[in-house]
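Novice: Compute the structure for the input listed below.
(one chain, ligands or ions: 1)
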Amino acid sequence: MTDQSNLDLKYFIDDTVYNCPFCNRRNVKYAYLPKSDFNWASDKDCTIWRIKCTSCGKISMHLTHVELQDESYGNAHFRTDVDIDSLIFYSVPSSFFVVDIRIPKIIRELITEAAGCIKMNYMTGASACTRKAIYELLTREGAEGSSYDERIKNLENTHPEVDPELFEVLAHIKDMTSDKVHEQSWDKWNSDCLTLILETLKTVLHEIYVVPDEKAARKKNIKDLRARMSGTVFKGDEPKQAIPTETSD
Ligand SMILES: [Zn+2]
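Specialist: Numbers count the residues shown, from 1 in each chain. From the prediction side, this is the model:
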């Protein structure tokens, strides 16, 4: 069976099911509400799509500059020949599935905003959000140092579980712009550069905030299963003593 986990990271899986941002159910059917168009600019149109979850009944809103209507339907219905997510530049609410909910909210929002800016080709906004997200991470993790480089190095040292190469990319972002990197900088990165930085940052965040939680959950699951098997709830975390044969004391 092919790996389908990438579908969990999407908003719209196809023209009938999505990962609901309200009830957090995955792969749930949605209904279309009437859509409407407006003029974004004199030479640019925008369509507002409204989508209702058939499970919780809540309605989300999605904006696009692209014609997503499947003409074989009389009412609103997405085309089936496109990746819907990649053509929507703004959604309310933003999806928790795109950036894991275990990542701190402020960083998650900045990354979602940066991704939205990239889709709209607002590179200055995308750069500013990405930069701010990195600074939020450094602050939250208490990364010390008198310069940006030192703080990244400090973060690397406190997280030996994360591939050093990822920090190397983050450390070199100052070489990707003419000015010194600082939070208020208005320098913009180009699209390739920004995509590299954003993807690197997302991987680092995943390693720091998601992986340890998943490991702990899996460990707890095994522990619970073993406890159920023997009818004993184990105390402590010593696997060698985890399956007592007779009485141990
Ligand atoms: Zn729902």
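Novice: partners of the longest strand seen in the chain in the sheet?
Specialist: Criterion DSSP state E: the longest strand present in the chain is strand 28-41. Strand 28-41 pairs in its sheet with strand 17-18 (antiparallel), strand 44-53 (antiparallel), by DSSP bridges.
Novice: Using TSV, please lay out the ones you listed together with mean pLDDT.
Specialist: Shown next, in TSV, are the strands paired with strand 28-41 (pLDDT from 0 to 100):
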stretch	mean pLDDT
strand 17-18	96
strand 44-53	95
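Novice: Out of these, the one nearest V211 is which?
Specialist: Of all the strands paired with strand 28-41, strand 17-18 sits nearest to V211, with 25.9 Å by C-beta to C-beta. For every residue, glycine as well, the C-beta is placed using N, CA and C.
Novice: where does the most centrally placed residue in the chain land in three-state SS?
Specialist: Most central in the chain under C-alpha atoms, centre = their mean is V99, positioned 1.4 Å from the mean C-alpha point. Judged by DSSP: H, G, I helix; E, B strand; the rest coil, the three-state class of V99 is coil.
Novice: if I look at it, how far off is L138?
Specialist: With distances taken as C-beta to C-beta, to the nearest Å, V99 is found 18 Å from L138.
Novice: Then E207?
Specialist: According to C-beta to C-beta, E207 stands 15 Å off from L138.
Novice: got it, and M123?
Specialist: 23 Å.
Novice: repeat for K132
Specialist: As judged by C-beta to C-beta, K132 and L138 stand 11 Å apart.
Novice: Mind giving me the packing neighbours of the longest helix seen in the chain?
Specialist: Scanning the chain for the longest helix, with DSSP state H as the assignment, gives helix 211-230. Using 3 or more C-beta pairs under 8 Å, 6 or more residues apart in numbering; DSSP states H and E, no helix or strand is in contact with helix 211-230.
Novice: Distance from the chain centre to that helix, please.
Specialist: 25 Å (C-alpha atoms, centre = their mean, to the nearest Å).
Novice: surely C56 meets C20?
Specialist: Yes - the criterion here is C-beta atoms under 8 Å, and C56 meets it with C20 at 6.4 Å.
Novice: And D85, which helix or strand is it part of?
Specialist: Assigned by DSSP states H and E, D85 falls within helix 84-87.
Novice: can you give me the mean pLDDT across the helix or strand following that helix?
Specialist: Note on helix 84-87: by DSSP H and E, the next helix or strand toward the C-terminus is strand 88-92. The average pLDDT within strand 88-92 is 85.
Novice: between the helix or strand following strand 88-92 and strand 88-92, how many degrees?
Specialist: Per DSSP H and E, strand 88-92 leads on to helix 105-119 as the next helix or strand towards the C-terminus. Relative orientation of helix 105-119 versus strand 88-92 (axes from the mean of the first three to the mean of the last three C-alpha atoms, to 10 degrees): 150 degrees.
Novice: who does helix 105-119 touch, helix- and strand-wise?
Specialist: For helix 105-119, the packing partners by 3+ C-beta pairs under 8 Å, 6+ apart come out as strand 88-92, helix 123-140, helix 191-205.
Novice: and the second one, how far out from the chain's middle?
Specialist: Shown here is helix 123-140, whose average C-alpha point lies 15 Å from the average C-alpha point of the whole chain (C-alpha atoms, centre = their mean).
Novice: Domain boundaries for this protein, per the record?
Specialist: Using automatic domain parsing, the domain parsing of the chain gives 1-98, 101-214.
Novice: still on that earlier bit, export the longest helix of the chain to CSV, keeping only CA atoms.
Specialist: These are the backbone C-alpha positions of helix 211-230, laid out as CSV (Å, rounded to 0.1, in the frame of the first residue of the first chain):
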residue,chain,number,x,y,z
VAL,A,211,8.7,14.0,16.8
PRO,A,212,9.3,13.9,20.6
ASP,A,213,5.5,14.0,21.1
GLU,A,214,4.9,11.2,18.7
LYS,A,215,7.7,9.1,20.2
ALA,A,216,6.2,9.6,23.7
ALA,A,217,2.7,8.6,22.4
ARG,A,218,4.0,5.5,20.8
LYS,A,219,5.9,4.6,23.9
LYS,A,220,2.8,5.1,26.0
ASN,A,221,0.8,2.9,23.7
ILE,A,222,3.3,0.0,24.0
LYS,A,223,3.3,0.5,27.7
ASP,A,224,-0.5,0.4,27.9
LEU,A,225,-0.6,-2.8,25.7
ARG,A,226,1.9,-4.5,27.8
ALA,A,227,0.1,-3.5,31.0
ARG,A,228,-3.1,-4.9,29.6
MET,A,229,-1.4,-8.2,28.6
SER,A,230,-0.1,-8.9,32.1
